[in-house]
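**Student:** the sequence and its predicted three-dimensional model are supplied below.
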Amino acid sequence: MASEKNKNALAELSSRLADAVKSAATYTVAIHARRRIPSSGIIWRDGTIVSASHTVRRDGVVRVTRPDGESVDATVIGRDASTDVVVLRANDLKTPPASRAASDSGDVGSLVLAVGRPGRNVSSSFGIVSAGMDGWRSAQGARIGPVLRLDLAVYDGFSGGPLVAASGGVIGMNNSALAQGTAAALPSTVVDRVVDELLSRGHIRRPFVGVAVHPVSLSAAMVNRHHLTSDSALLVVSVAEGAPADESGILIGDVITQIDGKDVARPVDLLDAFSGVADGASISVGILRGGAPHTVSVTPRDRESAGASE
Amino acid sequence: MNASFMGQFSSDARSLAGVLRRSVVEIRSPNGSGTGIVWGAGLIVTNAHCAPGGPLEVGANGRSWSADIVAHARDHDLALIAGTSITGPPLELRDAATLQVGELVFAYGHPLGVRDSLAMGAVHGIARHPRSGDARFIVADVRLAPGNSGGPLVDADGRLVGINSMVVNGLGVAIPALAVQRFIDRATARRAA
């Protein structure tokens, strides 16, 4: 077999993988913003680099090694703690941004390469997408969207680098911090959404209403009397002064049964319902107060512009 | 890539294992066991740490031979063994400097005493000599274990690119095949002289 000149399937796949790495190398940069070894970054759009936020330990100007080996300045223009994405801007990147892989290239079982530039040269590891985790949430409970879990080895400096399809094109951004240090990647669609918001606002919109709730069970009699569809509900245990919930008249002791006509059972249901509300729009909240049903209208505000802390 | 490509891929991987099997031996010493590569008539190359001196046994195809160490290059972790009647087709060599990151590589050997194991991975990087640019080590994203030492790392065409020698941070590290060839050339020239 060694002397055969016509390509076998191993050599065919091998050269495709090498080509995929070579093309990823043209949009993968090294970011020098922490001690010890640098991390990786992806030229995501013209003049825009994305990386893993936890690896960029400084704000302001950081040094970036371009694919051609030259070092240039890049400026941190925004970061999102929940998806661990940081966006940087650099003027003279010289090379075009990452090309995208076909939308099904991140399906479970797909052959993939993790590419990193933890220094001057790119390096890679090879494996498959082992799972797509849909309801992934940040530590604060916000829904991140799907995260890809990978069966491949991630090495030092790989976070922030591209996950590349065996057939070429970027599938997402590798980040070992997303899933307790195991290999994981944030899909391109999520990165795009975060980049769009960070570029337009400088932060990610986190709708805020200003209530704290606790799950409670309602009695069968209560459920029957008010024709409720679920016996789970959320008891309001605090209302922030001046917050949207306060302005809409929600009081401590109210029991939230529904939002926008849908049952709520867990505090994260509240987050999910409010995060779907467009800027400045309001949403109807069904409550029980003193055993009687009411409906109030709440207009969530952006947490950042509301000036509230996490 | 269609389903038949994957079938072809598996069958090519099986035939690669078959080819490598004929060129690989097991090295047993008081230190444990490792892998060796048949390098022409009666010669076998392995890691120096698999052949520490003293009694040495070479096994292949269910037979075993006692063998002698002909030459050592401890700084390169290489040893040359002679004295067996084992013959096998020598592997074609490939200059590690031509390897590209992401290319498929295969390691063959006897990890943890499991005989004739094939592992697949990708080239992670090439550690180069700072001045000449020559390959010093091949770093491969391939799962190796004790017992793989001294065994071949080959490319997708079955060409020998290096000898698996170490595991560093979970990555396989191999000595380039051309460095091994230079070691053997020196050792055999000395013997002839």
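**Tutor:** Done, it's in.

**Student:** what about residue 16, how many neighbours?
**Tutor:** Chain wasn't specified; assuming chain A. 19 (other Cβ atoms under 10 Å in any protein chain shown). (C-beta placed from N, C-alpha, C; glycine too.)

**Student:** chain B is the one I meant
**Tutor:** There are 23 residues near B:Leu16, going by other Cβ under 10 Å.

**Student:** and it, what is it in contact with?
**Tutor:** B:Leu16 makes contact with A:1, A:10, B:106, B:118, B:154, B:158 under the criterion Cβ atoms under 8 Å, 6 or more residues apart in numbering or on different chains.

**Student:** kindly recompute the last result at 6 Å.
**Tutor:** Counting by Cβ atoms under 6 Å, 6 or more residues apart in numbering or on different chains, B:Leu16 touches B:Gly158.

**Student:** next one: it from A:Val194, what distance?
**Tutor:** According to Cβ to Cβ, to the nearest Å, B:Leu16 and A:Val194 sit 43 Å apart.

**Student:** now swap in A:Arg100 and tell me
**Tutor:** A:Arg100 is 16 Å from A:Val194, by Cβ to Cβ.

**Student:** okay, the two: which has more neighbours?
**Tutor:** More neighbours surround A:Val194 than the other of A:Arg100 and A:Val194, with 26 against 14 (other Cβ under 10 Å).

**Student:** which stretches in the stretch 51-200 of chain A count as helices?
**Tutor:** A:188-201 (DSSP state H, counting those that start in this stretch).

**Student:** wait, I meant chain B
**Tutor:** B:3-21, B:177-192 (DSSP state H).

**Student:** turn the ones you listed into JSON lines, columns for mean pLDDT.
**Tutor:** Shown next, in JSON lines, are the helices of chain B (pLDDT from 0 to 100):
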{"stretch": "helix B:3-21", "mean pLDDT": "88"}
{"stretch": "helix B:177-192", "mean pLDDT": "89"}
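
**Student:** could you export the ones you listed as a markdown table, including distance to A:Leu271?
**Tutor:** As requested, the helices of chain B are exported to a markdown table (distance: least, Cβ to Cβ, whole Å):
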| stretch | distance to A:Leu271 |
| --- | --- |
| helix B:3-21 | 43 |
| helix B:177-192 | 58 |
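
**Student:** any idea how far apart the tips of stretch B:93-112 sit?
**Tutor:** 27 Å (Cα to Cα, to the nearest Å).

**Student:** same question for stretch A:179-186.
**Tutor:** First residue to last in stretch A:179-186 (Cα to Cα) measures 10 Å.

**Student:** can you pull out the residues in contact with that stretch?
**Tutor:** A:147-150, A:152, A:154, A:163, A:172-174, A:178.

**Student:** could I get the residues you listed as TSV with distance to A:Val112?
**Tutor:** Output for the contacts of stretch A:179-186, formatted as TSV (distance: Cβ to Cβ, whole Å):
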residue	distance to A:Val112
A:Val147	14
A:Leu148	8
A:Arg149	11
A:Leu150	7
A:Leu152	7
A:Val154	12
A:Leu163	6
A:Gly172	9
A:Met173	13
A:Asn174	10
A:Leu178	16
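
**Student:** from these, pick the one nearest A:Ser125.
**Tutor:** A:Leu152 (5.0 Å; Cβ to Cβ).

**Student:** for the closest one, what are its contacts?
**Tutor:** A:114, A:125, A:127, A:183.

**Student:** how many residues are close by A:Leu199?
**Tutor:** So A:Leu199, with other Cβ under 10 Å, has 14 neighbours.

**Student:** thinking again about what came up before, who wins for most neighbours among the contacts of stretch A:179-186?
**Tutor:** Of all the contacts of stretch A:179-186, the highest neighbour tally under other Cβ under 10 Å goes to A:Leu163, namely 32 neighbours.

**Student:** tally of neighbours for A:Arg201?
**Tutor:** The number of residues packed near A:Arg201 is 13, by other Cβ under 10 Å.

**Student:** B:Arg28 too?
**Tutor:** B:Arg28 - counted by other Cβ under 10 Å - has 17 other residues nearby.

**Student:** now do A:Asp46
**Tutor:** Counted by other Cβ under 10 Å, the residues lying close to A:Asp46 total 8.

**Student:** leaving out sequence neighbours, find the closest residue to it.
**Tutor:** Closest residue in space to A:Asp46, ignoring its immediate chain neighbours: A:Pro97 at 6.0 Å, by Cβ to Cβ, 6 or more residues apart in numbering or on different chains.
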